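A.B. asks: predicted model, plus sequence, below.
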Amino acid sequence: MILKVKNLVKNYYKDNEKIEAVNNISYNFEKGKFYAIMGPSGSGKSTFLHLIGTLDTYDEGSVFINNIDVSSLDDLQLSKIRKEEIGFVFQSFYLNNNMKAYENVIMPIMLDKIPYKDKKEKGITILNSLGLEKRVNHYPSELSKGECQRVAIARALINNPNIILADEPTGNLDSKASEDIVSLLKKTNKKYNQTIIMITHNLEIAKMADRIITIEDGRIVDDKWIF
Ligand code: ADP
Ligand code: MG
């Protein structure tokens, strides 16, 4: 088991009102499977994904990554897991506009003690594998939205993570680009046996996953394989 959450609870407090954003979720994610998370806006999907990705703290429960309870880790160990085991993809690509595509891709490994030449080669190899061989030296402003998201995916893949967490990765894309992006995620999911968890509002996109989890009011209300 690579990824598991148990009785996870996250509350927010606003104007003296308690918001139960994640309300006692337990789930075992199977290695190598592609999950889509659906549900109404404000139902807790992003909060849940952030907790899985150790990007935020929770009030109760546990998150296990590779059977390690992440609450037992210190900041350094946690950032190591985040860097080596998890790749993040977001709706707004969060690319640095002053950096070329390959420079964006190698951002997460810039401080690693390997020669720059090797980093660059690694970045270019990943961009090539995602069909961007002709866009390596382009700046984000010179790329389509679909290409920008592919660069962001390349960056998420740079450390060959076991887990990819994607929060509405197609939210800014038209339907053709959306389908291309999810096909790409599916391809890397199969090729590297990654566990992918992707939030989407689009049922057609969600159906490209192996399983659809539906969240409402901070709880999992439905969960089924797609055949
Ligand atoms: P979703 O991704 O499904 O749209 P979110 O996880 O973003 O939902 O939000 C779940 C609930 O938690 C919503 O009611 C939202 O308003 C609330 N919420 C999210 N982040 C915060 C925050 N930082 N402070 C207060 N409330 C928040
Ligand atoms: Mg959200």
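C.D. replies: Structure received. Ligands and ions are numbered 1, 2, ... in the order given.

A.B. asks: what residues are bridge-paired with the residue lying closest to Phe29 once chain neighbours are set aside?
C.D. replies: Excluding the flanking residues, the one nearest Phe29 by Cβ to Cβ, 6 or more residues apart in numbering is Leu3, at 4.1 Å. Heads up, the C-betas are built off the backbone N, CA and C, glycines and all. For Leu3, the beta-bridge assignment (DSSP bridges) gives partners Phe29, Ile65.

A.B. asks: Leu3 and Asn28, how far apart?
C.D. replies: To Asn28, Leu3 is 8 Å away according to Cβ to Cβ, to the nearest Å.

A.B. asks: chain center to the helix or strand hosting Val63: distance?
C.D. replies: In this structure, Val63 sits in strand 60-65 according to DSSP states H and E. When distances are taken as Cα atoms, centre = their mean, to the nearest Å, strand 60-65 is centred 18 Å away from the chain's centroid.

A.B. asks: could you point out which element follows it?
C.D. replies: For strand 60-65, the succeeding helix or strand toward the C-terminus, using DSSP H and E, is strand 68-69.

A.B. asks: wait, Ala177 touches Lys145, no?
C.D. replies: Yes: if you go by Cβ atoms under 8 Å, Ala177 and Lys145 touch, sitting 6.4 Å apart.

A.B. asks: my read is that Arg23 contacts Phe48, right?
C.D. replies: Residue 23: Asn, not Arg. No: at 10.0 Å, Asn23 does not count as touching Phe48 under the criterion of Cβ under 8 Å.

A.B. asks: need the residues touching each of those two.
C.D. replies: Common contacts of Asn23 and Phe48, defined by Cβ atoms under 8 Å, 6 or more residues apart in numbering, comprise Gly218.

A.B. asks: hmm, who's touching the helix ranked longest in the chain?
C.D. replies: For the chain, the helix with the greatest residue count under DSSP state H is helix 175-192. The contact list for helix 175-192 (Cβ under 8 Å, 6+ apart) reads 32, 34, 130-131, 144-146, 149-150, 153, 157, 160, 164, 166, 169-170, 173, 194-196, 198, 202, 204-205, 208-209.
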